[in-house]
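Q: Here is the input, now give the coordinates:
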Amino acid sequence: MEKTVLVLFLIFAMSCFGASKHAEIRGQGSFHFLVGLPQGEFHDNVDNAGFGIGGGIGVIPNQFFSLGTAFGFMTYGSETRREPFSYTIPDVTVEVKRSNNFLFGHIYAQVLGDMNIVKPYIEGRFGFNYLWTETRISDIDGDDEDIASSTNFDDFALSYGGGGGVLIKVWQEAKSARSRTSDGVGAVYIDLKVIYTKGGEAEYLKEGSMEIIDNQVVYYPDESHTDLLGINIGVEVEF
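A: I've put the predicted structure just below:
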């Protein structure tokens with residue numbers, strides 16, 4: 001299924017570039033605050049939302065299409081405790097932070113409507129999900145810098161999906177200025193969108209999935225598809 005989606009995505013992307021033969025190609029960059037809501041089997045195991053940041057960079061072959069790459073990072077659970085630095089130095093205490101994290105990377109294609117101030121769009125994506133749990137220790141009396149860290153558990157899965165959103169223009173460079181400074185910022189938009197991605201099967205940890213028994217770490221991983229509903233609120237810049 002993933003291969004079929006990728007082939008269709010590439011055909012669509014090539015058609016976008018073909019339609020742009022005589023158009024001025026512009027660039028775009030974006031930054032978003034992300035809320036990730038696990039779906040399906042993933043939600044059965046992880047019932048709390050993830051929060052993080054993301055962004056993207058791409059090209060606009062013409063006013064109706066854009067192509068690019070998107071990425072995002074979220075934490076969907078964390079635990080903090082204080083422990084002695086070691087059994088031989090019990091009088092020094094450190095802070096132990098364990099986080100469950102979700103990273104995605106996608107190539108995307110958008111079909112846009114152009115209503116001047118408002119641009120609604122639909123978007124398709126194909127890429128991957130990477131889930132990992134990491135433990136860090138830091139000085140509780142200092143500047144919170146990490147002393148050491150370790151990745152406890154990780155896994156990788158392909159993902160694909162799509163959704164839609166709206167760009168709301170908040171600033172545009174004057175046409176006369178644009179002609180003189182074509183490498184500058186052309187327009188700034190508020191970007192609001194919702195994306196649903198179907199994620200392949202992966203093993204991952206959640207809060208309470210690790211125990212330390214007799215000085216040994218014991219893992220209790222869950223395994224499921226990693227479907228996610230992503231809510232994106234951010235800014236997009238055309239240049």
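
Q: Just name whatever secondary elements the lengthiest strand in the chain is in contact with.
A: The residue-count maximum for a strand in the chain (DSSP state E) belongs to strand 146-172. Applying 3 or more CB pairs under 8 Å, 6 or more residues apart in numbering; DSSP states H and E, one finds that strand 146-172 contacts helix 2-18, strand 93-112, strand 118-139, strand 187-199, strand 201-204, strand 216-219, strand 228-238. Where you see a C-beta, it was placed from the backbone N, CA and C, and this is true even at glycine.

Q: Could you export the ones you listed as TSV, including mean pLDDT and mean neighbour count?
A: Formatted as TSV, the helices and strands packed on strand 146-172 follow (pLDDT from 0 to 100; neighbours: other CB atoms under 10 Å):
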stretch	mean pLDDT	mean neighbour count
helix 2-18	50	13
strand 93-112	95	19
strand 118-139	95	19
strand 187-199	97	19
strand 201-204	98	19
strand 216-219	92	10
strand 228-238	97	20
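
Q: Adding distance to residue 50, write the ones you listed out as a markdown table.
A: Output for the helices and strands packed on strand 146-172, formatted as a markdown table (distance: least, CB to CB, whole Å):
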| stretch | distance to residue 50 |
| --- | --- |
| helix 2-18 | 22 |
| strand 93-112 | 5 |
| strand 118-139 | 10 |
| strand 187-199 | 13 |
| strand 201-204 | 12 |
| strand 216-219 | 20 |
| strand 228-238 | 8 |
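
Q: In the longest strand of the chain, which residues are buried?
A: 152-155, 157-163, 165-167, 169 (16 or more other CB atoms under 10 Å).

Q: Give me the sheet partners of it and which way each runs.
A: strand 118-139 (antiparallel), strand 187-199 (antiparallel) (DSSP bridges).

Q: Identify the residues contacting residue 191.
A: 30, 32, 165, 166, 167, 232, 233, 234, 235, 236 (CB atoms under 8 Å, 6 or more residues apart in numbering).

Q: Need the nearest residue in space to it, chain neighbours excluded.
A: Leaving aside its sequence neighbours, residue 191 sits nearest to residue 236 (CB to CB, 6 or more residues apart in numbering; 4.4 Å).

Q: pretty sure the one you found is in contact with residue 185, am I right?
A: No. In this structure, residue 236 is not within contact of residue 185 by CB atoms under 8 Å, at 11.0 Å.

Q: The residue nearest the centre of the chain: what's it in contact with?
A: Geometric centre of the chain, nearest residue: residue 72, 1.8 Å, by CA atoms, centre = their mean. Contacts for residue 72 (CB under 8 Å, 6+ apart) come out as 32, 34, 52, 53, 54, 55, 103, 104, 230.

Q: For the first one, give its distance to residue 207.
A: Okay, so that is residue 32. For residue 32, the distance to residue 207 (CB to CB, to the nearest Å) stands at 25 Å.

Q: quick revisit: please report how far the residue nearest to residue 191 lies from residue 55.
A: For residue 236, the distance to residue 55 - CB to CB - is 10 Å.

Q: if we can go back for a sec, identify the bridge partners of the residue nearest to residue 191.
A: Taking DSSP bridges as the rule, residue 236 bridges to residue 30, residue 189.

Q: which one is residue 39 nearest to, not counting chain neighbours?
A: Closest residue to residue 39 apart from its sequence neighbours, by CB to CB, 6+ apart: residue 227 at 4.0 Å.

Q: do the same with residue 140
A: In space, residue 140 comes closest to residue 95 once its chain neighbours are excluded; the distance is 4.6 Å by CB to CB, 6+ apart.

Q: try residue 230
A: residue 195 (4.5 Å).

Q: No further queries at this time; thank you.
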